[in-house]
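Just a sequence and a predicted model for now, questions to come.
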Amino acid sequence: MSVGLLSLIVLGLAVLGYLLGRQRALSAVKGDPRALHSLPSYYGASVALFTAVPALLVMVVWLFLQPTILETRTAALIPQENIAASGGNISLVMADVRRIAEGLDAVAARAGLDEAGIQAMRADLSDMRSRLAEVGVALGANVDPAVFEAAKTYRSLGNSLHSAMALVVLLAAALGFAFALWRISPQLRARNLVEQFIQVLLIASSLIAVATTFGIIASLVVESWHFFRLYPAGDFFFSTTWNPQFRGGSSLGLWPLVWGTLYVSFIALLVAAPIGLMAAIYLSEYAGPKMRATAKPLLEILAGIPSIVYGLFALVTVGPLLRDYFAQPLGLGDSSSSVMTAGVVMGIMLIPYVSSLSDDIINAVPQAMRDGSFGLGATQSETVKRVVLPAALPGIVGAVLLAASRAIGETMIVVMGAGAAAKLSLNPFEAMTTVTVKIVSQLTGDTEFASPETLVAFALGLTLFCFTLALNVLALVIVRKYREQYE
Amino acid sequence: MNDMRILDRDVSANTTKITARGVQVYYGENHALKDVDVDILAGTVTAFIGPSGCGKSTFLRCLNRMNDTVASARVLGEIKLDGEDIYDKRVDPVVLRARIGMVFQKPNPFPKSIYENVAYGPRIHGLTRSRSELDEVVETALKKAALWNEVKDRLQSPGTGLSGGQQQRLCIARAIATSPEVLLMDEPCSALDPIATAQVEELIDELRAHFSVVIVTHSMQQAARVSQRTAFFHLGHLVEYGETGQIFTNPRDPRTESYITGRIG
Amino acid sequence: MTDATLHGGHAAPRSLLATDARTRRRKAAETRFRLYGLTAVGLGLVALVFLMWSILGNGMGAFRQTYFEIPVELSEATLDKSGTRDPAVMKKVTTVGYGKILQKALEAELAARNIDTGTMKAKDVMGLLSKEAPADLRNMVLADPALVGQTITFEAFATSRVDGYFKGRVTMESAARDSNISPEQLAVAQKMADAGLITTQFNLGFLSMPDASELRPEAAGLGVAILGSAYMMFIVLLLALPIGVATSIYLEELAPKNKWTDMIEVNIANLAAVPSIVYGILALALFINFMGLPQSAPIVGGLVLTLMTLPTIIIATRAALKAVPPSIRDAALGVGASKMQAIFHHVLPLAMPGILTGTILGLARALGESAPLLLIGMVAFVKDFPAAPPEGLMQPATALPVQVYQWTQRSDPAFVERASGAIIVLLAFLLIMNAVAIILRRRFERRW
């Protein structure tokens, strides 16, 4: 029974429960709803909730846990020599097991075999590899009998677990249904019951945000810990070379990546901070209402454009432009992907970010400050430079820090614009790489979670997470302090 | 209103500083000020009184073109300072405001040190040539604002840290440091407690020796205490303008009488 | 200290009209500053225009495609010897077989029109056509076996180089340096165009076809990517909206103000600022490694985008709930409604336009997001359409922004045109979503 069908049955039962519950409550008072504690629909809703919610919860938890159980039970069946044969890596063997198990059904359907027939199949008697290849499951080597047996167990255990799940879920739904229906009486405080139930659901939803944070931190920390068991932390944090080798013996020093990240972010801020700030000043202090009403949304379009678009812009337009008109004439290199390319494009992306944050902050400076300055005969620019900006400075610093945090975490622009070479160089027209680029390059393609070359991405992710979190918290504290000043 | 002291102040034959003729102000569609004629005399405190929304603050803000900063405001008519039209196209409001200073309803010291607050005007107008000269200007201004003794030991601490009355006197010091010829005050005491109000009122009387002062006030007692001449505004009209003593004891217009006896407003 | 010092600035009253050097300098500084501001706004707008111009300029070509119109005789002898018109039997004729038919038809047509191919080999003449063309012909015949025995006018894709030649991207000079095309081939193509054998049409296939391999950029389309993105948006909408609204209702209306709810709020604010790539790492570790969900599947992408979109929706929803004045709640509570009834009957319906606007904007962000999808394997080459949900949610697919990235990683420059075209499609979707959000806001926004 598929998950979709099972959910449909449970939901159908819930609808039925609603109708029956309502009916039962009404008939208990001979059709006079005034004698009930709550409105009839609440009685129905209580049955529906008791039927659906526990059953669906059980299903979700079961689906969460099933793969883990299946994995550990099957892995125990595989002899040590098979694991040793594939480089001591159980996950590779298990990947084969899963694929064979998936292929078995197709093979059986093709050959018209029944359940017993599948159990009778033997890898040492027939050529399983070619039979599996016929149904689209390509294997790297011949099927080992032990692995094949494990796959059969995997399949049958998976099937029985699945049936067990269906049974348990339906049982939970039926029990909830019966219990709730049995409880209905005119005195039952059905509304309070339903409302408490809903409140619990609301609280549970709000916990998802907490769970997400927990999940992020847990996955980063756990995998980073695995990484540091394989690779010395000292080398990661203090080495200045980044040179991953997929045969081992890599040097995975953080510094070239951090340098690239900071360099790109620095250039981005060099573009975004002055332009964004001056644009905000112009739009809030000088521009007429018409200009403001057109220019502001237009600038904000820049913020709504996905970063992949900027990435493409860097790759096809800005990169070649900077190379042909700056890097090559100046003799600074001939790479179209460079720190400059990524930095300039990222700067463009951050302009509206800086400008809208600064705009809020400049507008928060009380008009009385400006009046005081104008009343003394100051010009508009003197007022802005000597009164408004100093008053808004903490907030603007906060805005720039928030922009910096975005720049550091930005991925697509640097992946497509900055290059892939880990270097510690000062030349902005050279290709360099960043933390996010390396996270992508180490984790895309066929990932295999046992080598330090892959796991390093999690340590990089943890570094990135801590960095941006610290910047954000700092910026928020500064901005909040600033807001309080004028409230 | 029994305790109202109406002092017999000398209103000598002072020269006219500002003349306003037929001033009209519109905020968008709203006709806020209708056909106002006023002469402001030098060396005199002139009070503008009237109920809220009568146009007295609006008129005050016309005198140094602060209404320019309000996008929807439109000023018609003629206002002359020493015989020159201040709304002439060639007049730079910045130069004008250096000669007609302004103090606002709520104390608005800049978030800078006390010293920097006072030095702001002289600095932007380039009134001093050296640091010591600037120090002197700051000190004189603070003394004239009767604040020097309270702040002389903490000139570098922030101006926002002072009490309300001190802040307002700081703003007055800031305004007079630019050595204007006219000082406009928009309800300068409305945010202050009675003691601070008394200090500021005393100060206004002293300032008369150096500047002409125009003060908008909500309080008739205050107008009576500090001013020599009073103008009564009502619904955008200048109803009556004359010597303070006359306005309060013998108003010519029935509306003025209703106001000062508390029947309207 | 005398009055003279204080009045030093204006010893004698000067005319208002006289301007001294200092005032002029200050005026000049004012003008300069104003100009800097205007320049900054201008630079921002120029960047926007340049960006759009570059994308549109590169990408519009992807919506037009060059075709060869060739009369092809589909003879029964080669295609369906049995004469049963049974597709299962006809499948025995491979793509190579159709290639030969196409080649013969092309040569015949060239001869009939007196187009001289000079010393060119037959293979090179055939090279003008996309490698996808024979497969296209085969699919066409298998879909409609009745065509066998007729002579039809077949529209064959031109190869990307020929396509580029007619769009001005490829020149004779660049062809001379190109191993995939020769100037002679282009000359023949030009003669065929003169003879009316070539048409350029709106390329509907770009929106409907699946991706194609490195060698066939002309056949690459966005079908799978659009479907994959649609599946993911469906999941995001289905999960993020209810969870986001539930969270907001709890935090805004019901939760007591204490340390615990404070922590949840700080948490949500921080989640909104976590780099998207970190969500990708979470998805990889949690959904794929730990839960064993398949790589490249829309379900995983949908889940990770849901987590990313949640903070946006929560923030928007809370703002919308906050905008409903307390008097509405008081009114409901005053007639004896329970707190829940007040919220669900009165507050929530009034906040709905704001919530929907926030949700659409959140969806728009999610639609353009690519970094986390790279990590969960959505960069894979996927040529098969996923099935209908729910099974399709578990099958490999790509997404619009990731398809763009994938195309930029290929060496053939024709893919740059495709990538830019895909961006135009993406931006068009975003534009529609934002427009809907703005219209919703305008129509239903209520000022209290």
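Thanks, I have it. Numbers count the residues shown, from 1 in each chain, chains lettered A, B, ... in the order given.

Give me the packing partners of the helix or strand containing B:Ile124, helices and strands only.
Element membership for B:Ile124 (DSSP states H and E) is helix B:114-125. Contacts defined by 3 or more CB pairs under 8 Å, 6 or more residues apart in numbering or on different chains; DSSP states H and E place helix B:114-125 against helix B:131-144, helix B:164-177. Where C-beta positions appear, they are placed from N, C-alpha and C, glycine not excepted.

Make TSV out of these and add mean neighbour count, distance to chain C and mean pLDDT.
Output for the helices and strands packed on helix B:114-125, formatted as TSV (neighbours: other CB atoms under 10 Å in any protein chain shown; distance: least, CB to the nearest CB, whole Å; pLDDT from 0 to 100):
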stretch	mean neighbour count	distance to chain C	mean pLDDT
helix B:131-144	18	5	92
helix B:164-177	26	8	91
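
Would you mind saying which of these lies nearest chain A?
helix B:164-177 (6.6 Å; CB to the nearest CB).

can I get the CA coordinates of the closest one in CSV?
The C-alpha trace of helix B:164-177 is given here as CSV (Å, rounded to 0.1, in the frame of the first residue of the first chain):
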residue,chain,number,x,y,z
GLY,B,164,15.3,69.5,29.1
GLY,B,165,15.7,73.1,30.1
GLN,B,166,19.5,72.9,29.6
GLN,B,167,19.0,71.4,26.2
GLN,B,168,16.7,74.2,25.2
ARG,B,169,19.2,76.8,26.4
LEU,B,170,21.9,74.9,24.5
CYS,B,171,19.8,75.2,21.4
ILE,B,172,19.5,78.9,22.0
ALA,B,173,23.2,79.2,22.5
ARG,B,174,23.7,77.2,19.3
ALA,B,175,21.4,79.7,17.5
ILE,B,176,23.1,82.8,18.8
ALA,B,177,26.6,81.6,18.2
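
following that helix, which helix or strand comes up?
Downstream of helix B:164-177, the next assigned helix or strand under DSSP H and E is strand B:182-186.

which residues touch C:Asp103?
No Asp there; residue C:103 is Gln. The neighbourhood of C:Gln103, defined by CB atoms under 8 Å, 6 or more residues apart in numbering or on different chains, consists of C:Ala122, C:Val125, C:Met126.

Quickly find the element holding the nearest residue to the last one once chain neighbours are set aside.
Nearest-residue entry for C:Met126: C:Gln103, 5.0 Å, with adjacent residues in sequence omitted and distances by CB to CB, 6 or more residues apart in numbering or on different chains. For C:Gln103, the element it lies in under DSSP H and E is helix C:95-112.

Name the residues of that helix that are buried.
Residues of helix C:95-112 classed as buried: C:Tyr98, C:Gly99, C:Ile101, C:Leu102, C:Gln103, C:Ala105, C:Leu106, C:Glu109, C:Leu110 (neighbour count, 16 or more other CB atoms under 10 Å in any protein chain shown).

Next one: the third one from A:Arg229, what distance?
Noted for C:Ile101: a distance of 62 Å to A:Arg229, by CB to CB, to the nearest Å.

again, but for the first one
Relative to A:Arg229, C:Tyr98 is positioned 57 Å away (criterion: CB to CB).

The last one too?
For C:Leu110, the distance to A:Arg229 (CB to CB) stands at 68 Å.

The fourth one now?
Distance of C:Leu102 to A:Arg229, computed by CB to CB: 60 Å.

With the fifth one instead?
When CB to CB is applied, the distance between C:Gln103 and A:Arg229 equals 61 Å.

Nearest spatial neighbour of A:Leu207, chain-adjacent residues omitted?
In space, A:Leu207 is closest to C:Ile264, 7.8 Å off (CB to CB, 6+ apart).

Tell me which helix or strand the one you found sits in.
Assigned by DSSP H and E, C:Ile264 belongs to helix C:259-271.

ok, now A:Ser185?
Per DSSP H and E: A:Ser185 is located in neither a helix nor a strand.

What is the burial count for it?
Burial of A:Ser185 is recorded as 14 neighbouring residues (other CB atoms under 10 Å in any protein chain shown).

Contact partners for the residue lying closest to it once chain neighbours are set aside?
Leaving aside its sequence neighbours, A:Ser185 sits nearest to A:Ala28 (CB to CB, 6+ apart; 6.3 Å). Going by CB under 8 Å, 6+ apart, A:Ala28 touches A:Ile184, A:Ser185, A:Pro186.

which SS class is the residue of the stretch 51-200 of chain B found nearest chain C?
In the stretch 51-200 of chain B, the residue that lies nearest chain C is B:Leu127 (4.0 Å; CB to the nearest CB). B:Leu127 falls in the coil class when you classify it by DSSP: H, G, I helix; E, B strand; the rest coil.

Assign C:Ala380 to helix, strand or coil.
With three-state DSSP as the basis, the three-state label of C:Ala380 is coil.

Got the phi and psi for the closest residue to it other than its chain neighbours?
Nearest residue to C:Ala380 in three dimensions, chain neighbours excluded: C:Ser296, at 4.8 Å (CB to CB, 6+ apart). Dihedral pair for C:Ser296: phi 60, psi 10, per degrees, to the nearest 10.

Ok, C:Ile198 next?
Taking degrees, to the nearest 10, you get phi -120, psi 130 for the backbone angles of C:Ile198.

Spell out which residues sit in contact with it, please.
C:Ile198 sits in contact with C:Thr66, C:Tyr67, C:Phe68, C:Glu69, C:Ala158, C:Phe166, C:Ala189, C:Met192, where contact means CB under 8 Å, 6+ apart.

wait, is the fourth one part of a strand?
By that I understand C:Glu69. Yes: assessed by three-state DSSP, C:Glu69 belongs to a strand.

Identify the bridge partners of it.
C:Glu155 (DSSP bridges).

surely it meets C:Ala195?
No: taking contacts as CB atoms under 8 Å, C:Glu69 lies outside contact range of C:Ala195: 10.3 Å.

Can you name the element that comes right after the host helix or strand of C:Ile152?
C:Ile152 belongs to strand C:151-157 when elements are defined using DSSP H and E. As assigned by DSSP H and E, the chain's next helix or strand after strand C:151-157 is helix C:160-167.

which strands and helices sit next to that following helix?
strand C:64-73, helix C:183-194, helix C:414-444.

Stretch A:424-437 and chain C in contact?
Yes: on the criterion CB under 8 Å from any CB of the partner chain, stretch A:424-437 is in touch with chain C at A:Thr436.

Apart from its neighbours in sequence, what residue is nearest C:Gln190?
Among residues not flanking C:Gln190 along the chain, C:Tyr165 sits closest, at 7.9 Å (CB to CB, 6+ apart).

quick one, what contacts the one you found?
Shown in contact with C:Tyr165 (CB under 8 Å, 6+ apart): C:Thr171, C:Ala175, C:Leu186, C:Ala189, C:Gln190.

one more time with 10 Å
For C:Tyr165, the contact set (CB atoms under 10 Å, 6 or more residues apart in numbering or on different chains) comprises C:66, C:128, C:158-159, C:171-172, C:174-175, C:181, C:185-186, C:189-190, C:193.

And the buried ones among those residues, selectable in ChimeraX?
Applying 16+ other CB under 10 Å to those, the buried members can be selected in ChimeraX as follows:
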select /C:66,128,158,159,174,175,181,185,186,189,193
